[in-house]
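Asker: I'll drop the sequence and a predicted model, then ask my questions.
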Amino acid sequence: MLSDLRRFEEARPFFSEALRIITQTFGEEHEAYARALYFQGLALRDEGKDEEAVPVLRKAVEKLKGKASADKVVDAEFHLARALLGTARDESARASASQGLDAAIAKSAELRGAEHPETRKMRM
């Protein structure tokens, strides 16, 4: 995947096209749409564009709930909290984002176990 290779500008049109195709084929309520949003949000975060990532990840979390497995929802919540932390302008916003991170890590530990590689990665 281009975003894995850190070629974000090249990957962006593919995310847009994937969302268009998924929307036409399945609609916005399908898990595939939610997952495509999630990956788009991750790419934006990796690109250092937390401001743009927040609404995308927020929508992904909303769409994933009730459609995807609990661990996928937790991953999306974690990355949303990280993006929110990156956009925090004051202590109150930082504290709120930090609480979101802590909650996602706790959920991950509950679902996967405290020593699961994904949970450990979240704590780093």
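Answerer: That came through, no problem. Every value quoted in this text rests on a predicted model; they were computed, and no experiment measured them.

Asker: Contact partners for Ala60?
Answerer: By Cβ atoms under 8 Å, 6 or more residues apart in numbering, the contact set of Ala60 is 34-35, 37-38, 40-41, 76, 80. Backbone N, C-alpha and C define where each C-beta goes, glycine included.

Asker: farthest pair in the residues you listed?
Answerer: Maximum pairwise distance among the contacts of Ala60 (Cβ to Cβ): 14.5 Å, between Arg35 and Leu80.

Asker: how near is the residue nearest to the spatial centre of the chain to Glu91?
Answerer: Geometric centre of the chain, nearest residue: Ala76, 3.5 Å, by Cα atoms, centre = their mean. Going from Ala76 to Glu91 by Cβ to Cβ, to the nearest Å gives 25 Å.

Asker: Pull the number of nearby residues for Ala18.
Answerer: Counted with other Cβ atoms under 10 Å, residues neighbouring Ala18 total 17.

Asker: And the helix or strand encompassing it, what's buried?
Answerer: Per DSSP states H and E: Ala18 is located in helix 8-26. Residues 8, 11-12, 15, 18-19, 22 are the ones in helix 8-26 that count as buried (16 or more other Cβ atoms under 10 Å).

Asker: again with stretch 75-95
Answerer: For stretch 75-95, by 16+ other Cβ under 10 Å, it's 75-85, 88.

Asker: Kindly indicate which of these lies nearest His30.
Answerer: Distance to His30 across those (Cβ to Cβ) is lowest for Ala76, with 15.5 Å.

Asker: got a list of what the closest one touches?
Answerer: Contacts for Ala76 (Cβ under 8 Å, 6+ apart) come out as 38, 41, 57, 60-61, 64.

Asker: Any idea how far the helix or strand containing Ser108 is from the middle of the chain?
Answerer: Taking DSSP H and E as the definition, Ser108 sits inside helix 91-112. Put simply, helix 91-112 sits 13 Å off its chain's centre (Cα atoms, centre = their mean, to the nearest Å).
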